[in-house]
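Q: Sharing a model that was predicted from the sequence below.
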Amino acid sequence: MYEPREDSLMLAEQVKKYAKGVVLDIGTGSGIQAMTAAKLKKVVKVYAVDIDKEAVDYCKNNINDKKVVFLKSDLFKIFRVDKRFSNLKFDTIIFNPPYLPDDPKLKDLALDGGKEGYELICRFLNEAEKFLKPNTKILMVFSSLTGKEKLEKYLLKKRFRLIELNKQRIFFEELYVYLIDK
Ligand SMILES: C[S@@+](CC[C@H](N)C(=O)[O-])C[C@H]1O[C@@H](n2cnc3c(N)ncnc32)[C@H](O)[C@@H]1O
C-alpha cells in the first residue's frame, strides 16, 4: 500500500480547497485524499476506489467515516457494471495516479503508468467523460518524468482545460497538481 508521500500531501492541499459535493477518489491507497475530502462540510459523499485489494482492505479496516465508501475497482469499472451506481456522476474526481514508465523488472501498481508512463492517465480521462457533470473538477498529480507535452496535447484533443495549481521540485523531478475541467 502506498504510504503518503510529497505528491499525496501536495494533492491533499488542493483537495481541501476544491473538493465538494459527491467526490470520487481513484487509486485511494492509504485513503488520504478520501479522508481529507470527507472532513470538508462542502463534501456530502466520497467514493474511494483502488485496483489493489490490499489497499481497499486496509482502508475498510482502518477508516470509519459514514461519508466514505471504499470499493475495489479498476478506474471507473465498478460504476459502469454495478447497477447500484447507475447514473452516478461526480462533482469532484481526485486522482494521484501511477505516472511512471513501467519497469519490466519490478511491477508496482502504485507507480506503473504504462509503457511511456501516461497511458493509464489517458484511459482515466477517456473513461471519466461518462461521469462528469457540467462543472466537475478533476484534481490530478503529474510529473515532469512523464511526457508532459503529450498529456497536454491529449487533454487539448479531448477538449479538457488544464490549470496548474501547484508545482514542487523534489530531487530530480518536478511534481504538478492540475485542475482539469471541460
Ligand atoms: C501513487 S498511489 C496514490 C495513493 C493515494 N491516493 C495518495 O495520494 O497517496 C496510486 C494508487 O493507484 C492505484 N491504482 C493503480 N492502478 C489503478 C487502477 N487501474 N484503478 C484504480 N486504482 C489504481 C494503486 O494501487 C495506488 O494505490
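A: All right, it came through fine. Numbering: from 1, shown residues only.

Q: immediately after the lengthiest strand in the chain, which helix or strand?
A: Assignment by DSSP state E gives strand 132-143 as the longest strand of the chain. Using DSSP states H and E, the helix or strand that follows strand 132-143 in sequence is helix 148-157.

Q: contacts for that next one?
A: The contact list for helix 148-157, computed with C-beta atoms under 8 Å, 6 or more residues apart in numbering, reads 116, 118, 121-122, 125, 142, 161-162, 176, 180. The way it works is simple: take the backbone N, C-alpha and C, and place the C-beta from them, glycine included.

Q: got the angle between the longest strand of the chain and helix 148-157?
A: Strand 132-143 and helix 148-157 are oriented at 170 degrees to each other (axes from the mean of the first three to the mean of the last three C-alpha atoms, to 10 degrees).

Q: what lines up beside strand 132-143 in the sheet?
A: Using DSSP bridges, strand 132-143 pairs in its sheet with strand 90-95 (parallel), strand 173-181 (antiparallel).

Q: Show me the helices in this structure, by range?
A: For the chain, helices defined by DSSP state H occupy the ranges 6-18, 32-38, 53-62, 77-81, 119-128, 148-157.

Q: Run through the protein and note the low-pLDDT ranges.
A: Low-confidence segments of the chain, defined by pLDDT under 70, are absent.

Q: Could you tell me which residues of it lie near the ligand?
A: 2, 4, 8, 11, 26-30, 32-33, 49-52, 55, 74-75, 96, 98, 109-110 (C-beta under 6 Å from any ligand atom).

Q: Could you give me the ChimeraX selection string for whichever of those residues are buried?
A: Here is the ChimeraX selection string for the buried members of the residues of the chain next to the ligand, based on 16 or more other C-beta atoms under 10 Å:
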select :2,8,11,26,27,28,29,30,32,33,49,50,51,52,55,75,96,98,110
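
Q: in stretch 151-164, what counts as buried?
A: In stretch 151-164, counting by 16+ other C-beta under 10 Å, buried: 151, 154-155, 160, 162.

Q: ok, the residue of the chain most remote from its centre to residue 160 distance?
A: Ranked by distance from the centre of the chain (C-alpha atoms, centre = their mean), the top residue is residue 105, with 25.4 Å. Noted for residue 105: a distance of 34 Å to residue 160, by C-beta to C-beta, to the nearest Å.

Q: repeat for residue 63
A: Distance from residue 63 to residue 160, by C-beta to C-beta: 31 Å.

Q: Which one of the helices of the chain lies nearest to residue 135?
A: helix 6-18 (11.3 Å; C-beta to C-beta).
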